[in-house]
Structure formats: structure tokens, C-alpha cells
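Peer 1: predicted coordinates and the sequence they were generated for:
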Amino acid sequence: MSAAVDLLTFGETMVSLRSTGPLSAGGSLAMHVAGAESNVAVGVARLGHSVTWAGAVGADPHGEYILRQLRSEGIGTQCRVDPSRSTGVMFLEQRTADVTRAFYYRAGSAGSTVSRDDVDRALSAGPRVLHLTGITPPSAPKPGRRLNTPPSVPQRTVWWSPSTSTTAAGSGPGTRRAPCCAPSRGTPAS
């Protein structure tokens with residue numbers, strides 16, 4: 001990422017394999033990109049803003065699909081491709097016309113290994129706004145390398161306790177400055 005962008009989203013994006021009926025009955029699955037940060041990136045890019053998504057994907061067809069789909073929406077990518085881990089997968093089962101059920105297969109995925117170094121690289125160009133959800137900061141793999149957010153940025157802590165959020169968000173001399181948008185409720189998948 002060489003020039004400042006209007007919005008940087010950072011987090012795990014995975015593929016969603018969606019059924020039109022119960023998964024146990026078999027049938028076709030449609031593949032989509034899923035994840036709050038990538039959903040926001042697509043929406044903001046469609047409104048005409050410059051957007052970059054940052055994260056990690058596996059060196060697999062699902063990772064290739066995610067990058068191709070995001071780039072086709074005009075979204076820049078600042079992505080680490082991990083050859084030793086797979087891209088996360090979510091199955092979305094349509095139970096009835098208005099009831100769905102999700103099954104996540106993301107433990108140990110490339111996206112679950114995002115680190116402070118990944119964030120620092122993505123923030124280096126100084127985005128105008130940084131978008132995170134409540135999942136990425138507390139799920140960082142190494143507690144000593146969790147994400148740093150400027151202390152001046154308002155934070156919502158609905159996914160973890162206030163004492164845990166202080167540890168997860170951190171602050172310090174290496175902290176980059178960018179307004180931060182953190183939704184206070186879960187963001188639905190596209």
C-alpha cells in the first residue's frame with residue numbers, strides 16, 4: 001500500500017459456502033466472500049471511496065478466490081499469504097426461509113494468525129479511517145504482539161471485558177494514529 005486510502009479494514013476474511021437447504025441433505029453450495037471487514041470494504045468501495053483490506057489468507061484456492069473477489073470490487077489488498085495454513089471456511093445452512101445456521105472452520109487458519117507486524121505494514125501509509133470489529137484484537141495469537149490502537153481512539157468493548165480490552169488493544173510508542181471505527185454489535189455476513 002503506497003498511498004493513503006480513505007479506509008483500511010483489517011481482519012479475517014473467509015469463504016462462505018452456502019446451501020439452499022439442510023447441509024445433511026446434500027446439494028449444491030455457492031461460494032461467497034465472508035467477514036465483517038471485507039463486507040464493510042465492499043460497501044465503502046461501492047460508495048466511491050478508496051479502500052484497502054488487510055489480513056492473511058492461505059496459499060490455497062479459497063485465498064485466491066478472496067483476493068480476486070476483493071480486487072474485482074476495486075479494493076486494494078495488503079495481505080500475507082501463508083503457505084503453511086489454510087484459509088478459513090464458513091458453511092451457511094439455510095434451514096427455513098428465515099432461519100440460517102453457520103458452521104465455522106477457522107481454528108488455526110491463516111487469518112487467525114494476524115499479528116502486530118501485519119497491522120504495522122498496513123498502517124504505514126496512514127489511512128484516514130481504520131475499521132476493526134471486536135474479534136480481531138482479542139484473538140491475536142501472541143498476547144505480547146496484540147494490536148495497538150491509539151489511546152485517543154474511542155473503543156467499544158462488547159466482545160471482551162474492559163480489563164481485557166486494555167490488554168488486547170494496547171497503546172505505546174509504536175502506535176499509529178488513525179480514526180477508528182469499531183461497530184458495537186456483530187456485523188452480518190454478506
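Peer 2: Perfect, thanks for sending it. Residues are numbered from 1 along each chain as shown.

Peer 1: neighbours of Arg46, just the number please.
Peer 2: When neighbours are defined as other Cβ atoms under 10 Å, Arg46 has 12 of them. Using the backbone N, CA and C atoms, a C-beta is placed for each residue, glycine as well.

Peer 1: what sits closest to it if chain neighbours are left out?
Peer 2: Excluding the flanking residues, the one nearest Arg46 by Cβ to Cβ, 6 or more residues apart in numbering is Glu73, at 7.1 Å.

Peer 1: with adjacent residues omitted, what lies nearest to Thr133?
Peer 2: Nearest non-adjacent residue to Thr133 (Cβ to Cβ, 6+ apart): Ala36, at 4.5 Å.

Peer 1: any idea how far the one you found is from Arg121?
Peer 2: Counting by Cβ to Cβ, to the nearest Å, the separation of Ala36 from Arg121 is 21 Å.

Peer 1: and what of Gly43?
Peer 2: 24 Å.

Peer 1: Pro61 too?
Peer 2: Per Cβ to Cβ, Pro61 is found 25 Å from Arg121.

Peer 1: ok, those two, which is more surrounded?
Peer 2: Legend: neighbour count by other Cβ under 10 Å for Pro61 and Arg121, higher for Arg121 (15 against 11).

Peer 1: which elements pack onto the helix or strand encompassing the more buried one?
Peer 2: Using DSSP states H and E, Arg121 maps to helix 116-123. With contacts defined as 3 or more Cβ pairs under 8 Å, 6 or more residues apart in numbering; DSSP states H and E, helix 116-123 has these neighbours: strand 7-10, strand 51-58, strand 76-82.

Peer 1: after the second one, next one along is what?
Peer 2: Toward the C-terminus, strand 51-58 is succeeded by helix 61-72 as the next helix or strand (DSSP H and E).

Peer 1: my guess is Val5 contacts Val51, does it?
Peer 2: Yes - using Cβ atoms under 8 Å, Val5 and Val51 qualify as a contacting pair, with a distance of 6.1 Å.

Peer 1: all strands for the protein, in order.
Peer 2: For the chain, the strands defined by DSSP state E occupy 7-10, 14-18, 30-34, 51-58, 76-82, 89-96, 99-105, 129-131, 180-181.

Peer 1: report the helix or strand with the lowest average pLDDT across the chain.
Peer 2: The helix or strand of the chain with the lowest confidence, counting by mean pLDDT, DSSP states H and E, is helix 162-169 at a mean of 42.

Peer 1: make TSV out of the strands of the chain and add mean neighbour count.
Peer 2: Supplementary listing: these in TSV, determined by neighbours: other Cβ atoms under 10 Å:
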stretch	mean neighbour count
strand 7-10	27
strand 14-18	23
strand 30-34	18
strand 51-58	26
strand 76-82	19
strand 89-96	16
strand 99-105	12
strand 129-131	21
strand 180-181	17
